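S.K.: build me a structure from this.
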Amino acid sequence: MTELSKEYTQKVNDHFPGKVVRKDLTKFIKGNAVVPTYVLEYLLGQYCATDDEETISQGLEMVKSIVSKHFVHRDESQLIRSKIREKGSHRVIDKISAHLNERKDHYEINFSNLALKNIPVQDNVVRQHKKLLTGGVWCIVNVGYVSIDDKDAKPWVIESLDPIQVSNVNVEQYKEARSNFSKEEWIDLLIHSIGLQPEEFNFRTKVIQLSRLIPFAENNYNMIELGPKGTGKSHIFSELSPHGILISGGEVTKAKLFVNNSTGDLGLVGYWDVVAYDEFAGRTKRPDKGLVDIMKNYMANKSFSRGTEVYTASASMVFVGNTDHSVEYMLKHTHLFESLPETYQDSAFLDRVHSYLPGWEVQKLRTEMFSDQYGFIVDYLAEVLKELRKEDFTNLYLKDFSLSKDLTTRDKTGISKTLSGLLKVIYPHGEFTKEQAQELLDFAVESRKRVQRQLVRMDETFEAVEFSYTVNSSGEKHSVDLLEEINLGIKENYSKATQNKSKASSPLFPDDSDGGGEESAAEEHNEPTPTAGQVKIRDNQIGISYEELFGAYFNNVKEVEIADPYIRYPYQVRNLMELMQIFIDKKEPGDPLEIHLRTFHSEGFKEKAIEYFEEVKQSLAEESIEFTYTFDEFLHDRYIQLDNGWKIVLGRGLDIFQKTNGMFDLAEYDQKKRKCRECEVTYVET
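M.R.: Purely as a prediction, here's the structure:
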């Protein structure tokens, strides 16, 4: 581990002793076992929740032994049953479900992998663990075998049954420990906890990942995420928590989901905190229209009925599925709900959705994106989130912000519930600044706006309204834009007749409402005029290039000074060369140009950097450019100083682009296809 990771390890173990575990250990013991992460980390938490390497090693062997001896693989079910018969009893780890046998007037259980069916169990076991009646629960079970003469009786006996989950948590201790972490440290701890490496994600994509936790922390929260395959959309809902259940969208029935009219048994929403629908998309599917009507009522009113009896429940609804086309195609030709079954393309149903996560912004998971550092035992985190469902954070933002009066009640509810969930996840102790709340409020507004904008496309009875809020202390109004519309240059317009038909002049100026832009980068891209002002670039924004950012300012220059302390890795040198290309394009062939780079490198990087810069120097000399460089250990500022009277202040230096996926990624060759990092570029006339 690096020194940094050692500091991180020490800190999380000091403040959460016995509650964190190294995330790579799960892979060591899982093997081919089809078992949720929370089951494995439940065991790891008992034996490996420490930073002592010797204890971890011993505990890991113990957990491996437990999984090897007691986890039931389906192809070994007969072998385990034989072992139970020979020994008289044996402990197994399996997924167990229960049902009532009315004819015999007792409860029976089924084992998923052991393949035992209709085994009698005492009533008090089912009363104590009612989730056994709804889809099954992973348990540690002592199964006995008693040889009997009665051919109608079964020899199998349930001696004990314990669901695999943390028995209790102290939320106040959790909140108190949270106060010892900065925002960045805490978010990274949560990202590690869900099994991912935070260094592979920017702030926006971290928030998207953590938004998948909102349904576990917020009652009656309705969320949809559609995007490409392989981005881990359903992983959290199947692996993170024993309080959530993931079901196939095509297997849902009214009886299974709400109430069985024949037996009176409650369905999934009565027992689970989160009901997630996997593979929800698919235009060829034909779901029951009656089910959609019941879901609409439940998602709006938290209730459902059976005859004259009305039930209430707090289960959140999550819908995940794959898109058929790119987001660019959908916004130009259809809408972002196009991949859903036609029955679910019901504007009244979709209007109940509080948040639409942009799944197309999430990277496909690669090996290097998985964490090998310490994170919360997921079962512990799941129990904390369950406890936080009892708290209400929906009004905490009102002291600082006021949502636009133009928004509907459903719009405001969606925004406030999304923000409440994010605050519970990131600031469970309730301590946050106005600026920290605002960056989450922006995301919450955007998430609901994505739903509403598609409804405008789909149903002419919906009108586009401005999604904005006011900062109470200053009276300043903030409008929130959808990143995918910025990327496509779709200009905000609140007239239905022209909605989505006009284009902004440049993705650099998304707040432009009249086509001119607050710092008009160009009149329709014809001969851009350099203008003083500032451009704000968002995480994951595309369509940005050095040419568009800097080209207008590079005319008639003879001397240039570039200050950027971080030009050390090959991709950063590539960025520098791409900037050099702009200078080459702007000057007359043969005209001299002097460019001086100020940067900083620790001794570990300096030797390689000199090698890079000497090659740059040689290459640019062929274009009549004299390139020089110096190392300044006190350098912090980032800017481009031009001798034509302009200075460009670079918030992140030249490193504004996220890493590409290599030589087969078009973004490697086209800056406008690269996703950006959040930053600001300021143009100053000197």
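S.K.: can you give me the neighbour number for E466?
M.R.: Residues within reach of E466, counting by other Cβ atoms under 10 Å, total 13. (Each C-beta comes from the backbone N, C-alpha and C, glycine too.)
S.K.: where does it land in three-state SS?
M.R.: coil (DSSP: H, G, I helix; E, B strand; the rest coil).
S.K.: how close does it get to S326?
M.R.: For E466, the distance to S326 equals 27 Å [Cβ to Cβ, to the nearest Å].
S.K.: now do A276
M.R.: Counting by Cβ to Cβ, the gap from A276 to S326 is 25 Å.
S.K.: more neighbours, those two?
M.R.: When neighbours are counted by other Cβ under 10 Å, A276 comes out ahead of the other of A276 and S326, with 25 against 11.
S.K.: show me the contacts for the more buried one.
M.R.: 215, 234, 237-238, 244-247, 318-320 (Cβ atoms under 8 Å, 6 or more residues apart in numbering).
S.K.: next: T413.
M.R.: Neighbouring residues of T413 by Cβ under 8 Å, 6+ apart: H354.
S.K.: and it, that's in a helix?
M.R.: Yes: per three-state DSSP, T413 lies within a helix segment.
S.K.: mind starting the numbering at 7 from now?
M.R.: I'll keep to 7 as the first residue from here, and by that count the last item is T419.
S.K.: which residue is nearest the middle of the protein?
M.R.: Taking Cα atoms, centre = their mean, the centroid of the chain lies closest to Q215, which sits 1.3 Å from it.
S.K.: tell me the predicted confidence for it.
M.R.: Q215 is assigned 97 on the pLDDT scale.
S.K.: now name the helix or strand holding it.
M.R.: Using DSSP states H and E, Q215 maps to helix 209-217.
S.K.: next, the buried residues of stretch 251-267.
M.R.: 251-253, 255, 258, 260, 262-265 (16 or more other Cβ atoms under 10 Å).
S.K.: using PDB, write out every CA atom in it.
M.R.: Extracted C-alpha coordinates of stretch 251-267, given in PDB (Å, rounded to 0.1, in the frame of the first residue of the first chain):
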ATOM      1  CA  ILE A 251     -34.700  -7.100  -3.600                       C
ATOM      2  CA  LEU A 252     -33.900  -7.200  -7.300                       C
ATOM      3  CA  ILE A 253     -36.400  -8.800  -9.600                       C
ATOM      4  CA  SER A 254     -36.800  -9.100 -13.300                       C
ATOM      5  CA  GLY A 255     -39.100  -6.500 -14.700                       C
ATOM      6  CA  GLY A 256     -40.900  -9.200 -16.800                       C
ATOM      7  CA  GLU A 257     -41.700 -11.300 -13.700                       C
ATOM      8  CA  VAL A 258     -43.700  -8.800 -11.800                       C
ATOM      9  CA  THR A 259     -47.400  -9.400 -11.000                       C
ATOM     10  CA  LYS A 260     -49.900  -7.500  -8.900                       C
ATOM     11  CA  ALA A 261     -50.100 -10.400  -6.400                       C
ATOM     12  CA  LYS A 262     -46.300 -10.600  -6.100                       C
ATOM     13  CA  LEU A 263     -45.700  -6.900  -5.800                       C
ATOM     14  CA  PHE A 264     -48.700  -5.700  -3.800                       C
ATOM     15  CA  VAL A 265     -51.200  -8.200  -2.400                       C
ATOM     16  CA  ASN A 266     -52.500 -11.700  -3.300                       C
ATOM     17  CA  ASN A 267     -56.300 -11.400  -3.500                       C
END
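S.K.: just checking, K70 touches T32?
M.R.: No: using Cβ atoms under 8 Å, K70 is not in contact with T32, being 11.7 Å away.
S.K.: for burial, what's the neighbour tally of E374?
M.R.: 9.
S.K.: so what's it up against?
M.R.: Counted by Cβ under 8 Å, 6+ apart, E374 has contacts 203, 206.
S.K.: could you list the low-pLDDT ranges of this structure?
M.R.: Across the chain, the ranges flagged by pLDDT under 70 are 7-10, 38, 256, 313, 497-533.
S.K.: in it, which strand is the longest?
M.R.: strand 95-107 (DSSP state E).
S.K.: and E67, how many residues sit next to it?
M.R.: E67 has 13 neighbours, counted by other Cβ under 10 Å.
S.K.: give me the element it is part of.
M.R.: Applying DSSP H and E, one finds E67 within helix 59-76.
S.K.: summarise which helices and strands the helix or strand that that helix is followed by is packed against.
M.R.: Next along the chain after helix 59-76, taking DSSP H and E as the criterion, comes helix 83-93. Applying 3 or more Cβ pairs under 8 Å, 6 or more residues apart in numbering; DSSP states H and E, we find helix 83-93 packed against strand 95-107, strand 143-151.
S.K.: list the contacts of helix 83-93.
M.R.: Helix 83-93 is contacted from outside by 78, 96, 98, 119-122, 149-151, 161-162, using Cβ under 8 Å, 6+ apart.
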